[in-house]
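K.L.:
okay, predicted coordinates and the sequence, questions at the end:
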Number of protein chains: 2
Amino acid sequence: MTDEELLTLAIAEARVGLAEGGIPIGAALAQGDRLLGVGHNRRVQMGSAIRHGETDCLENVGRLPATVYSESTMATTLSPCDMCTGAILLYGIPRVVVGENKTFYGGEDYLRSRGVEVVVLDSQECVSMMEQFIAQNSELWNEDIGEST
Amino acid sequence: MTDEELLTLAIAEARVGLAEGGIPIGAALAQGDRLLGVGHNRRVQMGSAIRHGETDCLENVGRLPATVYSESTMATTLSPCDMCTGAILLYGIPRVVVGENKTFYGGEDYLRSRGVEVVVLDSQECVSMMEQFIAQNSELWNEDIGEST
């Protein structure tokens, strides 16, 4: 499937998270045309410190052989934080599609320095979703990126 | 509490994991003398791709204000993988106590480059535990560090 199609699935997950009262960040993992699974941030829903969009997606997908990860693409609505950057590196995912990096700029440079291809789609839909959420939930957002007080 | 005392709690967690049939890696998080929580790898027990020792510890501890993370020390029986390295960075944990880095050398250099103090205790108990586990469970171990086939 195309990068845009995979991102569309990640955006749908982000919207599920928002409807649940959570932080609207979603992710989707595919191996070629085969969708392996999706996920979304569940800090609020599960009281979780580690269920970001990408890590929730990896957890939902479950244990996979390295050969599958090595042929996969991870789409995420927002530039990945340090933890999700590390999860992508741990499993050797070679390609990451980022919805937007305007509201938060994560580990893209580090991913590239470790050989991961990072494609930023500059989705206005992703930007608008995060801008609106952050404006209304700044404390929760800061907590999610490790900056709350 | 001392680094050695915190590591002792992490080792106890690793032994719980081993007794459960899991991968023997444990972690403990403390703020000064106050233990915030412990955790251990649960790849086998939960079929989890993201519950490493450190991330399971962070999840068990739950959502914390950044001010608490910023005064905490994470002990782990084994040098942290890329994902756990990233989780430590996300939450601004300033100090990491590593049991051993002989059987696996993780993100220690990157942590230091980002300003995290990393103390390696060279625990023979930790080395022995991992060496014995890896010898008997090489496929499972390789899966956990993203290198299975």
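P.N.:
Cool, got the structure. Residues are numbered from 1 along each chain as shown, chains lettered A, B, ... in the order given.

K.L.:
can you tell me how far the most centrally placed residue in chain A is from chain B?
P.N.:
Nearest residue to the geometric centre of chain A (Cα atoms, centre = their mean): A:T76, 3.3 Å. Separation of A:T76 from chain B (Cβ to the nearest Cβ, to the nearest Å): 14 Å. Where C-beta positions appear, they are placed from N, C-alpha and C, glycine not excepted.

K.L.:
what of A:L140?
P.N.:
A:L140 is 10 Å from chain B, by Cβ to the nearest Cβ.

K.L.:
over to A:V98?
P.N.:
Distance from A:V98 to chain B, by Cβ to the nearest Cβ: 16 Å.

K.L.:
ok, back up a step: using the three-state scheme, assign the residue nearest to the centre of chain A.
P.N.:
strand (DSSP: H, G, I helix; E, B strand; the rest coil).

K.L.:
specify the beta-bridge partners of it.
P.N.:
A:A27, A:V98 (DSSP bridges).

K.L.:
that one and A:E139, how far apart?
P.N.:
Distance, A:T76 to A:E139, by Cβ to Cβ, to the nearest Å: 23 Å.

K.L.:
now swap in A:P65 and tell me
P.N.:
For A:P65 relative to A:E139 (Cβ to Cβ), the value is 41 Å.

K.L.:
ok, now A:I145?
P.N.:
In terms of Cβ to Cβ, A:I145 sits 12 Å off from A:E139.

K.L.:
tell me which of the two has more neighbours.
P.N.:
A:I145 (18 against 11; other Cβ atoms under 10 Å in any protein chain shown).

K.L.:
ok, the more buried one touching A:F104?
P.N.:
Yes - counting by Cβ atoms under 8 Å, A:I145 sits close enough to A:F104 to count as a contact (6.4 Å).

K.L.:
the helix or strand bottoming out on mean pLDDT in chain A - contacts with which helices or strands?
P.N.:
The helix or strand of chain A with the poorest confidence is helix A:138-144; it has a mean of 94 (mean pLDDT, DSSP states H and E). Other helices and strands packing on helix A:138-144, by 3 or more Cβ pairs under 8 Å, 6 or more residues apart in numbering or on different chains; DSSP states H and E, are helix A:43-46.

K.L.:
which residues are contacting the helix it packs on?
P.N.:
Contact with helix A:43-46 is made by A:G17, A:E20, A:G21, A:G22, A:I23, A:A49, A:R51, A:H52, A:L140, A:E143, A:D144, B:R63, as judged by Cβ atoms under 8 Å, 6 or more residues apart in numbering or on different chains.

K.L.:
and it, which residues are buried?
P.N.:
Buried positions in helix A:43-46, judged by neighbour count with 16 or more other Cβ atoms under 10 Å in any protein chain shown: A:R43, A:V44, A:Q45.

K.L.:
ok, so of the residues you listed, who is nearest chain B?
P.N.:
A:R43 (6.8 Å; Cβ to the nearest Cβ).

K.L.:
adding pLDDT, write the buried residues of helix A:43-46 out as JSON lines.
P.N.:
Below are these laid out as JSON lines (pLDDT from 0 to 100):
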{"residue": "A:R43", "pLDDT": "97"}
{"residue": "A:V44", "pLDDT": "98"}
{"residue": "A:Q45", "pLDDT": "98"}
